[in-house]
Each structure stands twice: as structure tokens, then as C-alpha cells.
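> this one's sequence-less:
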């Protein structure tokens, strides 16, 4: 089911990106110096406009993912502490259960399953 859903989502998305790239093949000059005059004297390069747009989108997605990852650090840290505490509590419960069973007379013991 997951693979069908992926195909349903990603094939049309890939086609949209492909058609966008085919429709926007014209070159655009990218200036690297924000203080240079617009006469093209500063450092710059030419690139197809679709490449500029898709690279900008990719950088935005990457920046958003990194920001989200850093934003969730406290939650992941708390979950790690909670898992360790739960593991320790399970061990302690099992130890107490064994002690309680050991303290019962032999005829009253019931095996836990």
C-alpha cells in the first residue's frame, strides 16, 4: 500500500518538476555581490532559471528540516530519559516480584506468566 501511495504522489510531482524545468530553460545572471552595481561587474554566473528555482526550494527544505530537527532536540532528550527510566523501573519491578515470590511459602506460590 505504501509503494502505491508513493507512486501516486511522487510520479505527478516529478512530472510537474520536469515540465517546469522544460518550460524555464532560459538563462539568468546570478550576482554574488549584493553591493555591486547592476552592470554585471561583480562576481556572477549564468544558470538556467529552473535550476535557480529548484536549488532555492531544496535549500529552503533543507533549512526547514534542520530547524525542525534542532527544535525537537528537547523532546527527543526527554524521551530518551523517559525510556531509560522506564527500563530501570521494569527491572526494579521484576526484582521486587522475585523477592515477593521468594518470601511466600512454597505451597502458596503461583508462577507468573
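Great, that's in hand. Everything numeric in this text was worked out from a predicted model, so none of it was measured. Residues are numbered from 1 along each chain as shown.
> Residue nearest the middle of the chain, spatially speaking?
By Cα atoms, centre = their mean, the mean C-alpha position of the chain lies nearest to residue 65, the distance being 5.9 Å.
> Could I get the buried residue list for the lengthiest helix in the chain?
Ranked by number of residues, the top helix in the chain under DSSP state H is helix 73-103. Neighbour-count burial for helix 73-103, with 16 or more other Cβ atoms under 10 Å as criterion, is recorded at no position. Where you see a C-beta, it was placed from the backbone N, CA and C, and this is true even at glycine.
> Now do that helix: which elements does it pack against?
Other elements packing on helix 73-103 under the criterion 3 or more Cβ pairs under 8 Å, 6 or more residues apart in numbering; DSSP states H and E are absent; no helix or strand qualifies.
> packing partners for whichever strand or helix holds the residue nearest to the centre of the chain?
With secondary structure defined by DSSP states H and E, residue 65 is part of helix 49-71. With contacts defined as 3+ Cβ pairs under 8 Å, 6+ apart, the secondary structure elements packing on helix 49-71 are helix 2-23, strand 27-31.
> Okay, buried residues for that helix please.
If you call a residue buried by 16+ other Cβ under 10 Å, then helix 49-71 has these buried ones: 49-50.
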